[in-house]
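In: What would the 3D arrangement of this be:
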Amino acid sequence: MQSKTFAVDFDGTISLGKWPEVGPANERLISYLLDRKRYGDKLILWTCRAGDALDAAICFCAQHGLHFDAVNDNLPEVVERYGSNSRKITCDYYIDDRSVSADDVIDEVSGGDIGVAG
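Out: Numbering: from 1, shown residues only. Model prediction:
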């Protein structure tokens, strides 16, 4: 079975507090991600945090046993495969408190009727 790659946001997703604080931990999600890692899946921390705020997020995750294969970057094997490093993260799943599917947006904005502005 081929491994999957998960890109996971920090604020509001792994950490349920408000930026720039860290915590409280989303224990359910962290447990799930640790299981995925044990099954051989890859994890990418995908966050807007930078500098000290990013360091605090990485440290927080490490304290909960969560270690990432990449941080705000594509996996090295993806860069090698495509010969470049796109700004968009290549993964199988994006986990983010603000994510929605295209169908969700269409349904929310136009009631499912494409072409009719809400």
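In: Helices of the protein, start to end?
Out: Residue ranges of the helices in the chain, as given by DSSP state H, are 27-38, 51-63, 76-82, 102-110.
In: Just checking the distance from the longest one to the centre of its chain.
Out: Okay, so that is helix 51-63. 15 Å (C-alpha atoms, centre = their mean, to the nearest Å).
In: what about S3, how many neighbours?
Out: 13 (other C-beta atoms under 10 Å). C-beta coordinates here come from the backbone N, C-alpha and C atoms, glycine included.
In: I figured it hits L43, correct?
Out: No: at 10.4 Å, S3 and L43 do not qualify as touching, with contact defined as C-beta atoms under 8 Å.
In: Low-confidence bits of the protein, can you list those?
Out: For the chain, applying pLDDT under 70 flags the ranges 111-118.
In: got the phi/psi numbers for the closest residue to A57 other than its chain neighbours?
Out: Nearest residue to A57 in three dimensions, chain neighbours excluded: F10, at 4.6 Å (C-beta to C-beta, 6 or more residues apart in numbering). F10 adopts backbone torsions of phi -100, psi -70, taken as degrees, to the nearest 10.
In: From here on, call the first residue 671.
Out: Renumbered: residue one is now 671, and that last one reads F680.
In: From F730, how far off is F680?
Out: According to C-beta to C-beta, to the nearest Å, F680 and F730 sit 8 Å apart.
In: Between these two, which has more neighbouring residues?
Out: More crowded of F680 and F730, by other C-beta under 10 Å: F680, with 25 against 18.
In: what distance separates the start and the end of stretch 746-764?
Out: End-to-end distance of stretch 746-764 (C-alpha to C-alpha, to the nearest Å): 18 Å.
In: Please enumerate residues in contact with that stretch?
Out: Stretch 746-764 is contacted by residues 674-679, 712, 714, 716, 740, 743-745 when judged by C-beta atoms under 8 Å, 6 or more residues apart in numbering.
In: From the residues you listed, list the buried ones, please.
Out: When the contacts of stretch 746-764 are checked for burial by 16 or more other C-beta atoms under 10 Å, the buried set is 675-679, 712, 714, 716, 740, 743-745.
In: tell me which of those residues is nearest to I700?
Out: V678 (9.7 Å; C-beta to C-beta).
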